[in-house]
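Participant: Below: sequence and its predicted model.
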Amino acid sequence: MEMEQLVALCKRRGFLFQSSEVYGGLQGFWDYGPMGVELKRNVREAWWRDMVTSHNELDVPPGAPSAFEMTGLDCAIIMHPQVWKCSGHYDLFHDYMVDCRESKRRYRYDQVCGRWVTCKSHRIFVASEVGGKEAEELTQHKAMKFFDLRAKDAAALDWDGPLVSLSTVRDFSQTLGPDAKTLGTLTEPREFNLMFKTIAGALGGEEDTVFLRPETAQGIFVNFKNVCDSTRVKIPFGIAQIGKSFRNEITPRNFTFRSREFEQMEIEFFCRPETSPQWYQYWRGRRYQWYLDLGLSRERLRLRDHEKEELSHYSCGTADIEYAFPFLASGEFGELEGVAHRGDFDLRSHMEGKLVRQDGQLVVELDGEGKPRYRGSGKDLSYLDEVTKERFIPHVIEPSAGADRATLAFLCEAYCEDEAPDEHGKPTRRVVLKFHPRLAPIKAAVFPLVKKDGMPEVAREIYAALKPHLTVFYDEKSAVGRRYRRQDEIGTPFCITVDGQTLQDGTVTVRDRDTLRQWRIPKGECLAELRSRLAM
RNA sequence: GCGGGUGUAGCUCAAUGGUAGAGCGGCGGCUUCCCAAGCCGCUGACGUGGGUUCGAUUCCCAUCACCCGCUCCA
């Protein structure tokens, strides 16, 4: 399947539009049209229902170490800036970078250093990515090469002062980049604000800077105590949240896959440290199965454990659920969801302050004066087991899914071109979205075969009877074949058609999207028939 | 961020230094008893901003967006 055809269908049938298209579009932002909003809503609702509302906390689900509770939360997108300092996002997302036009490499501005040198009446700054003694040798070597000197002519280089940071250099036109052979190839330092910055308060200045959340998870961690105190939930339990998050992706690309505004479906599952490995295994498998159950094919979906080197400094295990999107090279997969064992990193961070790994231990990061780099809340976020009277900091398993990525995967999986006979029985090309019935934006369409002989009246009755229960669509325009094809393109699983026989015996035909098969049922049984076929 | 490509109607594609044409679609009508049929009519576009020119959709520059490759990626 060509991605362009899916993108074209999404636009033509109202699934996805480029954001602000009338103004030429905005990179990394997308709008869901009338069909798209239903599809994405169905994805979200399937997730919420399956993970939260239909979960029975009295039973032990297959594969789970024990019974557990699930509850929900909906946090503000904007939170106290300290949240992001302690979570580590602030430091991670705030780098000044310089790019080299020649080497195509990108450097952290604060990590590049170098020395001034004069030779042949020409004063240049020789930059290096490394520091210390190594940098002295490197810059010497680079300067020799640049001025075309032989080893014995090293004395011709007149070094001007010690190794200094690139940030002391005003003008890059006389700067030799770390991997460049010519001068002036470095761009101005640019701040990479991977978090969206804004101002809280109408008169707010720099000190009122706040951030749009780059993930929903932190809202759950900082509300952990509130949830415990207000709901009587007992460990093990999970808190689920669906909501928008924002990241300034450097390269938004591949349709909605890497968007700057996106929606997450996250669970933070809190458990006793000693049972956390089993819970990690449980969620890993459960979340993988969820995508299979909603129609993603086993061939295109995989569960991949991260290598040790790939793990974040705080994670004791992470697995990605990945889909072979058609825009990726064959054999490549894109992340739909990450299931991470995060230990007690997050709750501890919000108690003690930003943590770093030191000698295999997570310790509070200190500044130059030996004080915490970012102070935590100071609140006790530990958990007291009221039965055993044990107090501990729960460990966290985090299944974090992308709602837009899941929606895109379901669209890709559903897109299908096959052949259907036309009115002369000749096979013609048909485009159909074979959505799982739970995800289909429209569950059924109702047609009169022709717009006369009282058929529209009966069809409208059926439509009105279905409308309160299911998302249905009525159409009486043009030939019935065309109407079927239109429904195929938006993935409607069933069409109900009123014909001449309906007027005689009260039966209607039901037509199946995937098989094109038709059968008759009494017109009064449409709702029951659809409910059983849709399994809803 | 870099390099290459693309940008004309809702979609697919034409033509042109003198203000754009088709097919499909959509809408209305006629016809039509099961898979994009037929007939009639209607609808509708040069991504944006500059420049050159008497005149630019066409040439030039910039910009925005998309695609491909590289880079980056919590």
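Facilitator: Here it is on my side, so go on.

Participant: alpha carbons only for contacts and neighbour counts from here, please
Facilitator: Noted.

Participant: how is chain A carved up into domains?
Facilitator: A:39-93+A:195-410, A:96-192, A:442-534 (automatic domain parsing).

Participant: For these, give me TSV that also has mean pLDDT, distance to A:Phe17 and mean neighbour count.
Facilitator: As requested, the domains of chain A are arranged in TSV below (pLDDT from 0 to 100; distance: least, Cα to Cα, whole Å; neighbours: other Cα atoms under 10 Å):
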stretch	mean pLDDT	distance to A:Phe17	mean neighbour count
domain A:39-93+A:195-410	91	10	18
domain A:96-192	79	27	17
domain A:442-534	93	15	18
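
Participant: ends of stretch A:242-250, how far apart?
Facilitator: 24 Å (Cα to Cα, to the nearest Å).

Participant: wait, does that stretch make contact with RNA strand B?
Facilitator: Yes - using Cα under 7 Å from any atom of the strand, stretch A:242-250 reaches RNA strand B at A:247-250.

Participant: Tabulate the residues you listed (CSV), appending secondary structure and distance to A:Leu534.
Facilitator: Below are these laid out as CSV (DSSP: H, G, I helix; E, B strand; the rest coil; distance: Cα to Cα, whole Å):
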residue, secondary structure, distance to A:Leu534
A:Arg247, coil, 37
A:Asn248, coil, 40
A:Glu249, coil, 38
A:Ile250, coil, 41
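
Participant: which among these gets closest to A:Gln281?
Facilitator: A:Arg247 (29.0 Å; Cα to Cα).

Participant: list the contacts for that closest one?
Facilitator: Taking Cα atoms under 8 Å, 6 or more residues apart in numbering, we find A:Arg247 in contact with A:194-196, A:214, A:259-261.

Participant: what does A:Ala444 give?
Facilitator: Counting by Cα under 8 Å, 6+ apart, A:Ala444 makes contact with A:470-473, A:492-496, A:530.

Participant: For it, give its distance to A:Val37.
Facilitator: Counting by Cα to Cα, the gap from A:Ala444 to A:Val37 is 17 Å.

Participant: now, which of the contacts of A:Ala444 lie close to RNA strand B?
Facilitator: Counting by Cα under 7 Å from any atom of the strand, no member of those is near RNA strand B.

Participant: one step back: let's have the domains of chain A in CSV, adding distance to A:Leu6.
Facilitator: As requested, the domains of chain A are exported to CSV (distance: least, Cα to Cα, whole Å):
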stretch, distance to A:Leu6
domain A:39-93+A:195-410, 10
domain A:96-192, 33
domain A:442-534, 11
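
Participant: all strands in the stretch 251-400 of chain A, in order from the N-terminus.
Facilitator: A:261-271, A:301-305, A:317-323, A:334-343, A:355-358, A:361-364, A:383-385, A:390-392, A:395-402 (DSSP state E, counting those that start in this stretch).

Participant: which residues touch the spatially most central residue of chain A?
Facilitator: By Cα atoms, centre = their mean, chain A has its centre lying nearest to A:Gly402, at 3.3 Å. Applying Cα under 8 Å, 6+ apart, we find A:Gly402 in contact with A:262-265, A:336-337.

Participant: returning to what we had before: near RNA strand B, list only the ones from the contacts of A:Arg247.
Facilitator: Within these, those near RNA strand B by Cα under 7 Å from any atom of the strand are A:194, A:214.

Participant: before we move on, the earlier item: please tabulate the strands of the stretch 251-400 of chain A in TSV, including the columns distance to A:Lys477.
Facilitator: Shown next, in TSV, are the strands of the stretch 251-400 of chain A (distance: least, Cα to Cα, whole Å):
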stretch	distance to A:Lys477
strand A:261-271	37
strand A:301-305	40
strand A:317-323	39
strand A:334-343	40
strand A:355-358	64
strand A:361-364	67
strand A:383-385	63
strand A:390-392	66
strand A:395-402	38
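
Participant: Near RNA strand B, which residues of the stretch 351-500 of chain A are found?
Facilitator: Going by Cα under 7 Å from any atom of the strand, the residues of the stretch 351-500 of chain A near RNA strand B are A:420-425, A:428-431, A:449-453, A:477-482, A:484-486, A:489, A:497-500.

Participant: and those, which of them are in strands?
Facilitator: A:420-421, A:428-431, A:497-498 (DSSP state E).

Participant: Check the residues you listed for burial and list the buried ones.
Facilitator: Buried residues within those, defined by neighbour count using 16 or more other Cα atoms under 10 Å: A:420, A:431, A:497-498.

Participant: contacting residues for A:Ser167?
Facilitator: A:109-110.

Participant: tell me the phi and psi of it?
Facilitator: phi -70, psi -10 (degrees, to the nearest 10).

Participant: now the helices for the stretch 101-250 of chain A?
Facilitator: A:132-146, A:217-222, A:224-231 (DSSP state H, counting those that start in this stretch).
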